[in-house]
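Chemist: One predicted model, sequence on top.
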Amino acid sequence: MHRWSKLFIPTLREAPADAEVASHKFLLRAGYIRQLGAGLYNYLFLATRSLNKIMAIVREEMDTIGQEFYLPGLLPKEPWEESGRWGAIGENMFRLKDRRGADLCLGFTHEEIMTGIARGELRSYKQLPQIWYQIQTKFRDEPRPKSGLLRVRQFIMKDSYSFDLDEAGLDRSFNQHDKVYRAIFSRCGLRFVAVEADSGAMGGSQSQEFMVYTDAGEDLIASCPVCSYAANLEKAVSRLGPLEEMAATGDGKPELVHTPGCAAISDVAAFFKISPASDIKCVAYMAERGFRGEGHEKWLPVAVFLRGDHSVNEAKLLGLLSASELRPMQAEELAKYFRGPAGYLGPVGLRPKETANPGSSPLEFAGGGDVIVVVDKSLEGRQNMVCGANQLDYHLRNVAPGRDFSWTLAADIRNVNEGEGCPSPGCAGKLVVGKAVEVGHIFKLGTKYSNSLGLRVLDENGKEVTPIMGSYGIGIERILTAAIEQSNDANGFWLPVSIAPFTVVVTITNVADAALRATGENLARDLEAAGLDVLLDDRDDRAGVKFKDADLVGIPYRINVGKKASAGQVELVTRATSTSVDVVLSEAVALVKKRVQEEILLEESD
RNA sequence: CGGGGCGUAGCGCAGUCUGGUAGCGCAUCUGCUUUGGGAGCAGAGGGUCGUGGGUUCAAAUCCCUCCGCCCCGACCA
C-alpha cells in the first residue's frame, strides 16, 4: 500500500515564478516534475505513475494493429545521410562524435531506422503490410523550449511506421491509426479534435493532427460549428463572402494617384474611402530553396499579393514554393526588384518569372523575369482595385488583376479569418479559430524513405516494387499536459481515472486518533483489494493541509475518514466537481468502484 | 539566432538607483499547545548574493566577460 507519509511528493505552496501555463505550474506544485535545464525535466513519482498509465493505454491500443519494437536512441550518421536528412534537419538534431570520431546523433524520429530494418528483411509482398511501433525517448534541440512539458528537448513519443504494397494498403494503415488514436485519446479522457494538417515541404499526401483545445497551445485551428470541418490554420481554407467592386473612374484604366503619407493599408483605405478588401497588399520575401549543404539554392525574390484585409500564411507559401525558409526583403532588395519603397509596392510593371514545370513538385523557375510573383486566389477576377505604384507617395487605382498585371503562380496562400464561410460544400457555417495543442499526428509518407534507402519487395508478378509508408506519432507527456490544461482550477487539477497516478486518496483527518487511523487503513486495504490504485494519506498533519494537497495533485477521488467515522460514515469527494457525499463505510468501496466504472465507460464511448 | 526580462536560503521576494554588519514571508528542525480547509507560541539551522575579472580602504550594489533560466518571433509530439 502507498502511504503518503513514506512517499516523496514534494508539493509547493507557491509556483516558481517562471512557470506560466497552468500545466507547468501544477506539475511543479504537485511534485510531479522538477526542472533540470531548459526543456529538460526530471519526472518524479507521481508523473512517472501517470505516464506509465498513459503508455499502457497506448500500448494496449497499438497492439491491436501493430508490433512493438524498441530501437536505440543513439544513432549512427549513415542512415540519415542516405535519406538526405543528415543535412536537411539542421540545428534541431543533437549531434555528437564517438571516441573514434564517428558522427552520431540522438534519435529525433525513426523513419530511417525502421526503413533500414525493413530493407534488410522484407523481400516479398506476402510480408506486407507491416506496422511497427515503439514507445521511446526522442531528442530535439528545440529553438525555444517552453511551457513546462509542452515543448521540451527530450520527450517520450510513441512512433509507428507502416509499410504497404500500394496506396489502398496505406489508406488502410492510416485509417487503422486514425481509429486507434481516437480510442487512445478517448480512453485518456481528452476532449480532442482531429484536424487536417499541413504535410510540409516533404510531400506526403495526407496528414491529420489530433488536437486538444487550450490557450496554452501553440497551434491555431479553424473549425466549423455546423459541420465537421476542422483544419490547422496552416492548411485551413474558407469560402469568402461576395464583395462589392469599386466603380471605375475615368477611362477605367490604371490611374496614378498622389497619396502622400499613405504607407499603411488603413491610410490607403481611408484616403480612397474604400474597404481594405479593395486594396492589394504586397508582402515581399526572399525564399531559400533546398537545404543547407547539397542542392542549396540561394535566396530568390518573391512578391506576394493579396487582399488588404488578408494575411500571408507562410506555411502555405513555403509549401507552394518548395522553399525551406523565408525572410522579409530588405530595403536594398525592395529597391532592386520593385524600384519603390515599402508601403508603395505594387504588382503593376513587375516582370514575373515563369515556372519551368507547372504543377509539379518541386517547382522550378525558368530564366527571364525578375521576381516570383504569387497572387492569392481571392484576387482572381477582381476589378478596380487600388495598389502601390512602386514609387513613393503614389498608388494606382482601377487595377484589375490579370488585365493590368500577371503572375508566376496563383494559389491559396492566405490565413483564414474567423467568421469566414466554411469550405465544406453546401455548409453555411462560419469558421471559428481557437488555440490548441497537438497530441498526435498521422501522416502518409509515400515512398520518400523507402526510395532513398532502397527498400524494395517483389510483388506477385515477381517485379520489384517500392513499399509505401506512413508515420504516426503521439506525444506521451502532451497527453498528461493536455489533460491538466483541460481540467484545472485555482486549487489544482484533476485527471481522468485512466491516467491519474492514483484513483483515490484516503485521507485520515487525524492520525493521532487510533480509531480513525484503523478505519482509514482498513478502508484503503479494501479499496486496494477491489483493484483500485489507492493512496493512503496517513501523514501527521492537520486535515486542512491534507485536503489542500489532495486537491492539488490530480487524484480524481478522495475519501475523508473523519469525524463521522464513529457513526460508521465516511465522505466521498469528487475532485472534478468539488462535491461530496456521505456514505456508509461498508458501502464506500462499492460506490467508488461504481463511479470509476462509469467514468471509464463514458470515456470509452467518446 | 533576433528582441525583452531575470539570476540574493528549498519556494516567493526585498535590498542594487545613492557602495559600508545580507534581510522578510513560507518551508525545514526542536519543544509545548492545537487537530475538518495550508495552526499558535518559543527557539534553532540554512547564503562562495549565477561565474570570472576590474574599480575601490570597502562591492549583492558600479564597470566588463562568460554562463544559466523565462517570455515574444521562425520548428514540431
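Modeler: Great, that's in hand.

Chemist: pLDDT wise, what is residue A:578 at?
Modeler: The model reports residue A:578 with a pLDDT of 95.

Chemist: Next up, the contacts around the residue nearest to residue A:107 when sequence neighbours are not counted.
Modeler: Counting by C-beta to C-beta, 6 or more residues apart in numbering, residue A:107 lies nearest to residue A:73, which is 4.4 Å off, once chain neighbours are set aside. In this view, the C-beta of every residue, glycine as well, is placed from N, C-alpha and C. The contact partners of residue A:73, by C-beta atoms under 8 Å, 6 or more residues apart in numbering, come to A:106, A:107, A:136, A:137, A:138, A:139.

Chemist: which among those residues gets closest to residue A:193?
Modeler: residue A:138 (24.2 Å; C-beta to C-beta).

Chemist: any idea which helix or strand carries that closest one?
Modeler: Taking DSSP states H and E as the definition, residue A:138 sits inside strand A:130-139.

Chemist: Would you list the strands that that strand pairs with, along with their directions?
Modeler: Paired strands of strand A:130-139, with direction, are strand A:67-68 (parallel), strand A:154-164 (antiparallel) (DSSP bridges).

Chemist: in the stretch 501-606 of chain A, which spans are helices?
Modeler: Along the stretch 501-606 of chain A, counting by DSSP state H, counting those that start in this stretch, helices occupy A:514-529, A:543-552, A:588-604.

Chemist: Which other helices and strands does the shortest one contact?
Modeler: Helix A:543-552 is packed against strand A:492-494, strand A:504-508, strand A:534-537, strand A:557-561, with contacts defined by 3 or more C-beta pairs under 8 Å, 6 or more residues apart in numbering; DSSP states H and E.

Chemist: on that earlier part again, hey, which of the strands paired with strand A:130-139 is tucked in deepest?
Modeler: Greatest average neighbour count among the strands paired with strand A:130-139 goes to strand A:154-164 (a mean of 23), per mean count of other C-beta atoms under 10 Å.

Chemist: Next, the buried residues of stretch A:543-553.
Modeler: Using 16 or more other C-beta atoms under 10 Å as the test for burial, stretch A:543-553 gives A:546, A:547, A:548, A:549, A:550, A:551, A:552, A:553.

Chemist: The residue of the stretch 301-450 of chain A found nearest RNA strand B: neighbour count?
Modeler: Going by C-beta to the nearest atom of the strand, RNA strand B is nearest to residue A:441 of the stretch 301-450 of chain A, at 3.8 Å. Using other C-beta atoms under 10 Å, the number of residues around residue A:441 comes to 19.

Chemist: Domains in chain A, by residue range?
Modeler: Here the domain assignment for chain A is A:18-192+A:445-484, A:255-411, A:502-604, based on automatic domain parsing.

Chemist: Turn the ones you listed into JSON lines, including distance to RNA strand B.
Modeler: Below are those laid out as JSON lines (distance: least, C-beta to the nearest atom of the strand, whole Å):
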{"stretch": "domain A:18-192+A:445-484", "distance to RNA strand B": "3"}
{"stretch": "domain A:255-411", "distance to RNA strand B": "6"}
{"stretch": "domain A:502-604", "distance to RNA strand B": "2"}
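
Chemist: Any chance of a markdown table for those domains, columns distance to residue A:212?
Modeler: Output for the domains of chain A, formatted as a markdown table (distance: least, C-beta to C-beta, whole Å):
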| stretch | distance to residue A:212 |
| --- | --- |
| domain A:18-192+A:445-484 | 4 |
| domain A:255-411 | 21 |
| domain A:502-604 | 14 |
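
Chemist: Confidence-wise, which of these is weakest overall?
Modeler: Sorting these by mean pLDDT places domain A:255-411 lowest, at a mean of 85.

Chemist: And that domain, how far out from the chain middle?
Modeler: 30 Å (C-alpha atoms, centre = their mean, to the nearest Å).

Chemist: Repeat that for stretch A:222-242.
Modeler: 17 Å.

Chemist: same thing with stretch A:145-154?
Modeler: The chain centroid and the centroid of stretch A:145-154 are separated by 13 Å, computed with C-alpha atoms, centre = their mean.

Chemist: So which bits of that stretch are buried?
Modeler: For stretch A:145-154, burial by neighbour count (16+ other C-beta under 10 Å) applies to A:145, A:146, A:147, A:148, A:149, A:150, A:151, A:152, A:153, A:154.

Chemist: In strands only, show me these.
Modeler: residue A:154 (DSSP state E).
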